[in-house]
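> build the 3D model from these lines:
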Amino acid sequence: MKRFISIILFTACTILCSAQTSIKVVTPGELQPGLPCDTLRYVITYDMAYVEDTLQVPMKAAHETMLLEIGRKVTAFYSYDAYRSDSINAGLLSRGATQYSVLGRIPWRLYTNYPETGRSSFTEKLGLDRFVCVESVEKPQWQLCPDSSATILGYRCRLATACYKGRVWSAWYAEDIPLYVGPWKLCGLPGLILRAYDSRRHYVFDAIGIKTADEPRPIYYKGEGYEKVSRKDLDGLYRRYYSDPVGYMAADGKVTVKVQDRSGNSVAPPKGVPYNPIER
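Numbering: from 1, shown residues only. From the prediction side, this is the model:
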């Protein structure tokens, strides 16, 4: 039986939910543009296919449109679907709406070379909580495959592989595009990464568009005021949240959660939800 979180009461934000306890929290503050941190030069659009439930037979991949914004120093990688949702909700909020848009399932954002060169900021939203994990940038140790060849978006690409963050990655890069970055934390190859996937294809990134900025505009940092946590602490928060998302949100007493089925009957809150992190 699919369950819906139908009513959550709290102050200064709105919680949006869909089937199988997909929860999205919207607060007025995070609908603001953010803090300018660089000037946009290029935008790479990727289709990200990812498997949430590895026990499902056959495994099914969800899809999210992701943007890689490249500045003079900083890069930002985030969900375009979530960005569209925030833009729509900002307009709805200004008009006093009580129902909001739910687009995109990827709430996190990754900023490379911010707050300084050689550091990254990973922002995450878990229920009502907002976290940022600042770490040193760790590049994959790529092994180049010189005899490989593929054409992606009209560009000739070569293959490289690496063991990185608990997965074995393959990446196709275009030497004719001298941008040494790629989706998520994948970077450090002699050209833009246009396709990447792990050995089990739980995560697959395919570039579907490359664009030069039409006019100068900022890249916005959206983690100002977030609680700083280490990677170890963030991993612990993930385990706690995904084992019982409703319990996680209700633990501090700031929210009241009622879960109903499609007929409006009260049911027990679900416990665990599938969890298959890109970074192990």
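> list the strands paired with the longest strand belonging to the chain, with their directions.
Secondary structure of the chain per DSSP state E: the longest strand is strand 35-51. Using DSSP bridges, strand 35-51 pairs in its sheet with strand 61-71 (antiparallel), strand 203-212 (antiparallel), strand 218-221 (antiparallel).
> list the buried ones in the shortest one?
Going back to what we said before, that points to strand 218-221. For strand 218-221, the neighbour count (16 or more other C-beta atoms under 10 Å) marks 219, 220, 221 as buried. C-beta here means a position set from N, CA and C on the backbone, and glycine is covered the same way.
> of those residues, which is the nearest to residue 55?
residue 221 (36.5 Å; C-beta to C-beta).
> got a pLDDT number for the closest one?
You'll see residue 221 listed with a pLDDT of 97.
> what does stretch 45-53 rub up against?
59-68, 80, 106, 183, 201-211, 274-276, 278 (C-beta atoms under 8 Å, 6 or more residues apart in numbering).
> now do the buried residues in that stretch.
Across stretch 45-53, burial judged by 16+ other C-beta under 10 Å covers 46, 48, 49, 50, 51, 52.
> what bridges to the first one?
So the one you mean is residue 46. Bridge pairing for residue 46 - DSSP bridges - gives residue 66, residue 207.
> show me the contacts for residue 183.
With C-beta under 8 Å, 6+ apart, residue 183 has these contacts: 44, 46, 48, 66, 68, 77, 193, 196, 205.
> ok, and the closest non-adjacent residue to the last one?
If I follow you right, that is residue 205. Distance criterion C-beta to C-beta, 6 or more residues apart in numbering; nearest residue to residue 205, sequence neighbours excluded, is residue 183 at 4.0 Å.
> same thing with the fifth one?
Once its chain neighbours are removed from consideration, residue 68 has its nearest residue in residue 44; the separation is 4.2 Å (C-beta to C-beta, 6+ apart).
> and residue 145, what helix or strand is that in?
Assigned by DSSP states H and E, residue 145 falls within strand 143-152.
> run me through the strand neighbours of that strand, direction for each.
The pairing partners recorded for strand 143-152 under DSSP bridges are strand 155-164 (antiparallel).
> who wins for proximity to residue 267 among the strands paired with strand 35-51?
strand 61-71 (24.4 Å).
> looking at that closest one now, give me its mean pLDDT.
97.
> kindly export the longest strand of the chain (C-alpha atoms) in PDB.
Taking Å, rounded to 0.1, in the frame of the first residue of the first chain, the C-alpha atoms of strand 35-51 are listed here in PDB:
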ATOM      1  CA  LEU A  35      25.000  34.300  -2.200                       C
ATOM      2  CA  PRO A  36      26.900  35.200  -5.400                       C
ATOM      3  CA  CYS A  37      30.200  33.300  -5.400                       C
ATOM      4  CA  ASP A  38      31.400  33.500  -9.100                       C
ATOM      5  CA  THR A  39      30.400  34.600 -12.600                       C
ATOM      6  CA  LEU A  40      28.900  31.900 -14.800                       C
ATOM      7  CA  ARG A  41      30.800  31.000 -18.000                       C
ATOM      8  CA  TYR A  42      29.400  27.700 -19.200                       C
ATOM      9  CA  VAL A  43      26.400  25.400 -18.300                       C
ATOM     10  CA  ILE A  44      26.500  21.600 -19.000                       C
ATOM     11  CA  THR A  45      23.200  19.800 -18.700                       C
ATOM     12  CA  TYR A  46      23.200  16.100 -17.700                       C
ATOM     13  CA  ASP A  47      20.600  13.400 -17.500                       C
ATOM     14  CA  MET A  48      21.300  11.600 -14.300                       C
ATOM     15  CA  ALA A  49      19.900   8.000 -14.000                       C
ATOM     16  CA  TYR A  50      20.100   6.500 -10.500                       C
ATOM     17  CA  VAL A  51      18.900   3.400  -8.700                       C
END
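> next one: that strand to chain centre, how far?
From the chain centre to the centre of strand 35-51 is a distance of 11 Å (C-alpha atoms, centre = their mean, to the nearest Å).
> where do the strands sit along the stretch 51-200 of the chain?
61-71, 75-79, 109-112, 119-126, 129-136, 143-152, 155-164, 167-174, 192-198 (DSSP state E, counting those that start in this stretch).
> for the ones you listed, which one sits closest to residue 240?
strand 119-126 (8.6 Å).
> check which residues of the closest one are buried.
Across strand 119-126, burial judged by 16+ other C-beta under 10 Å covers 120, 121, 122, 123, 124, 125, 126.
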